[in-house]
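Chemist: Below is the structure, and that's it, no one-letter string:
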C-alpha cells in the first residue's frame with residue numbers, strides 16, 4: 001500500500017505510481033485465482049502464466065513501501081535535523097499502528113491479510129530509515145539466513161491446514177500461533193519479508209528520475225532475477241536431489257521458487273525482479289508521460305489500499321456468497337481483469353472530487369492530524 005510522500009503532485013514520481021498499479025493488478029488476479037480457482041484448472045498455458053504471479057506482486061508492494069518511506073524521509077535525511085527526522089518517524093509509526101489494527105480486523109474475513117504484516121515491517125523499517133545503507137543490506141542478509149536456519153530446525157507445517165483447497169492457518173488466534181505466523185511461517189513472515197522493505201528503502205535513496213539509474217535497475221535487476229531463476233531450477237531438479245542427495249521436499253523447500261516457504265532464491269529472484277519492474281515503469285512513465293492511458297492507470301497506483309480492501313469485500317466476497325469455489329481459471333482470470341478495469345474507472349471518477357482514495361484519506365487524517373483540502377487536482 002502507498003506509504004509515500006508528502007510531496008505535491010508535480011513532484012510525484014509517476015513511474016512509482018505505475019509500478020504500484022501493476023502490482024495491485026497482479027494482487028487482484030492472484031486473490032481471485034486463489035479464492036475461487038485454487039486448483040488452477042484450465043489450459044496449460046494459462047495455468048503456467050497464473051502460477052508465475054503468486055508472491056511476486058506482494059514482494060513488489062513491500063519493496064515499493066520501502067521506496068515510499070525513503071522518498072518521504074528524503075528532506076529530513078538531507079537536512080540532518082533531528083526534529084524533522086523525529087516527525088517523519090512519528091507519522092510512520094502512527095500509520096504502522098493503524099495498518100496493524102486494521103489488518104487484524106481484516107484477518108477475520110480474509111486469511112491472507114498483509115496489512116498487519118505491513119504494520120510490523122514499517123515499525124522496524126522506521127528504526128533503520130536513516131541508517132547507513134550497509135546496515136540495510138546486512139539486516140536483509142540476516143533475515144534470509146535466519147529464515148533458512150529456522151526452516152531446518154523448526155516445523156514449517158505447524159499451524160497450517162494444507163489439505164483444504166484454500167490453505168488455512170489453524171491456530172492464528174493463539175499467542176504461539178500468532179507469533180509463529182508473524183515471524184516464521186505465515187503468508188508474509190518477518191523472516192525474510194521485512195528484507196524487501198529494507199531493500200526498498202535503499203532503492204528509494206537512489207535518484208530514480210535519472211535515466212541511468214533506471215537502466216541499471218532494469219539491467220541488474222533483470223539479470224539477477226533470471227540468474228536466480230536458473231539457479232533455482234538447476235538446484236531443485238538436478239544438483240540437490242542427484243548430487244547432494246536431498247529428498248524432493250527438502251530440495252523444493254530450500255531452493256524452489258514458491259512463496260511458501262520463501263527461501264533465499266525466491267527472495268533474490270522476486271526482489272530483483274521487482275526492482276527491474278520498477279525501473280521499467282519509471283522509464284515507461286518518462287517516455288509516455290503525455291499518453292492518455294498513463295494517468296488513469298498510474299492514478300490507481302495511488303489508491304492501492306482502497307483497492308486492496310475493496311476488491312476482496314465487493315469483488316471476491318459476493319462470489320463466495322454465490323458459492324463460486326474451485327472453478328476454472330478461464331472464469332477467475334477474466335473476472336479479475338474485469339474487476340481491475342472497473343476499479344481503474346472508479347478511481348478516475350473518484351479523483352475528480354477527492355484528492356485521495358477513501359482509505360488513504362482516512363489513514364492520513366488519523367496519522368497526520370491535518371485536514372485535507374477539499375479538492376487538489378492530481379494530489380497524492
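Modeler: On my side now, so go ahead. If you're wondering where the values come from, they're calculated on a predicted model, not measured in any experiment.

Chemist: Only C-alpha atoms from now on, for both contacts and neighbour counts.
Modeler: Noted.

Chemist: Next one: residue 358 from residue 275, what distance?
Modeler: 29 Å (Cα to Cα, to the nearest Å).

Chemist: who has more neighbours, the two?
Modeler: residue 275 (27 against 14; other Cα atoms under 10 Å).

Chemist: could you point out which element follows the strand or helix carrying the more buried one?
Modeler: Remark: residue 275 resides in helix 264-287, with elements defined by DSSP states H and E. Sequence order places helix 294-300 as the next helix or strand after helix 264-287, per DSSP H and E.

Chemist: Can you list the buried residues in that next one?
Modeler: Neighbour-count burial for helix 294-300, counted by 16 or more other Cα atoms under 10 Å, picks out 294-300.

Chemist: where exactly do the strands run in the stretch 201-350 of the chain?
Modeler: For the stretch 201-350 of the chain, applying DSSP state E, counting those that start in this stretch gives no strands.

Chemist: actually the stretch 51-200 of the chain, not the one I wrote
Modeler: 160-161, 168-169.

Chemist: With adjacent residues omitted, what lies nearest to residue 368?
Modeler: residue 91 (6.4 Å; Cα to Cα, 6 or more residues apart in numbering).

Chemist: same deal with residue 350?
Modeler: Nearest residue to residue 350, sequence neighbours excluded (Cα to Cα, 6+ apart): residue 357, at 7.5 Å.

Chemist: And the one you found, what's its pLDDT?
Modeler: We have a pLDDT of 92 for residue 357.

Chemist: mind listing what it touches?
Modeler: 302-303, 306, 347, 350-351 (Cα atoms under 8 Å, 6 or more residues apart in numbering).

Chemist: Filter the residues you listed down to the ones in helices?
Modeler: Members of those lying in helices (criterion: DSSP state H): 306, 347, 350-351.

Chemist: Scan those residues and report the most crowded one.
Modeler: Ranked by neighbours (other Cα under 10 Å), the ones in helices among the contacts of residue 357 are led by residue 347, which has 22 neighbours.

Chemist: wait, doesn't it sit right on residue 298?
Modeler: No: between residue 347 and residue 298 there is no contact, the gap being 10.1 Å when judged by Cα atoms under 8 Å.

Chemist: out of the contacts of residue 357, who's nearest residue 171?
Modeler: Nearest to residue 171 among the contacts of residue 357: residue 306, at 28.3 Å, using Cα to Cα.

Chemist: which residues of the stretch 51-200 of the chain score low on pLDDT?
Modeler: 165-166 (pLDDT under 70).

Chemist: mind redoing it with 80?
Modeler: Where the stretch 51-200 of the chain drops to pLDDT under 80, the residues are 163-167.

Chemist: which residue ranges form the helices in it?
Modeler: Under the criterion DSSP state H, counting those that start in this stretch, the stretch 51-200 of the chain contains helices at 56-72, 74-79, 82-106, 115-127, 133-153, 175-180, 190-204.

Chemist: which helices and strands does the longest one pack with?
Modeler: If you count contacts as 3 or more Cα pairs under 8 Å, 6 or more residues apart in numbering; DSSP states H and E, helix 82-106 packs onto helix 74-79, helix 115-127, helix 358-368.

Chemist: Identify each buried residue in it, please.
Modeler: Buried residues in helix 82-106 (16+ other Cα under 10 Å): 85, 88-89, 91-100, 103-104, 106.

Chemist: Need the residues that contact it.
Modeler: 72-73, 76-77, 113-120, 122-123, 126, 363-364, 367-368.

Chemist: Swap in 7 Å and give it another go.
Modeler: The contact list for helix 82-106, computed with Cα atoms under 7 Å, 6 or more residues apart in numbering, reads 73, 76-77, 113-120, 122-123, 126, 363, 367-368.

Chemist: Out of the contacts of residue 357, name the two that are farthest from one another.
Modeler: Once Cα to Cα is applied, the contacts of residue 357 give 306 and 351 as the farthest pair, at 12.8 Å.

Chemist: Spatially central residue in this protein, please.
Modeler: residue 61 (2.4 Å; Cα atoms, centre = their mean).

Chemist: Tell me if I'm right that that one and residue 22 touch.
Modeler: No: applying Cα atoms under 7 Å as the test, residue 61 and residue 22 come out as separate, 9.8 Å apart.

Chemist: pretty sure residue 37 is in contact with residue 325, am I right?
Modeler: Yes: taking contacts as Cα under 7 Å, residue 37 lies within contact range of residue 325: 6.4 Å.

Chemist: So those two - more neighbours on which side?
Modeler: The neighbour comparison of residue 37 against residue 325 (other Cα under 10 Å) goes to residue 37, with 24 against 19.

Chemist: give the contact list for the more buried one.
Modeler: Here residue 37 is in contact with 325-329, 332 (criterion: Cα under 7 Å, 6+ apart).

Chemist: Quick check: chain neighbours aside, which residue is closest to it?
Modeler: Excluding its sequence neighbours, the residue lying closest to residue 37 (Cα to Cα, 6+ apart) is residue 326, at 4.3 Å.

Chemist: What of residue 147?
Modeler: residue 191 (5.4 Å).

Chemist: ditto for residue 219
Modeler: For residue 219, ignoring the flanking residues on the chain, the nearest one in space by Cα to Cα, 6+ apart is residue 276 at 7.1 Å.

Chemist: can you pull the contacts of that neighbour?
Modeler: Listed by Cα under 7 Å, 6+ apart, the contact partners of residue 276 are 217-218, 221-222.

Chemist: The residues you listed: which two are farthest apart?
Modeler: 217 and 222 (7.8 Å).

Chemist: Which residue of these two possesses the greater neighbour count?
Modeler: Neighbour comparison, residue 217 and residue 222: the larger count goes to residue 217, with 24 against 20 (by other Cα under 10 Å).
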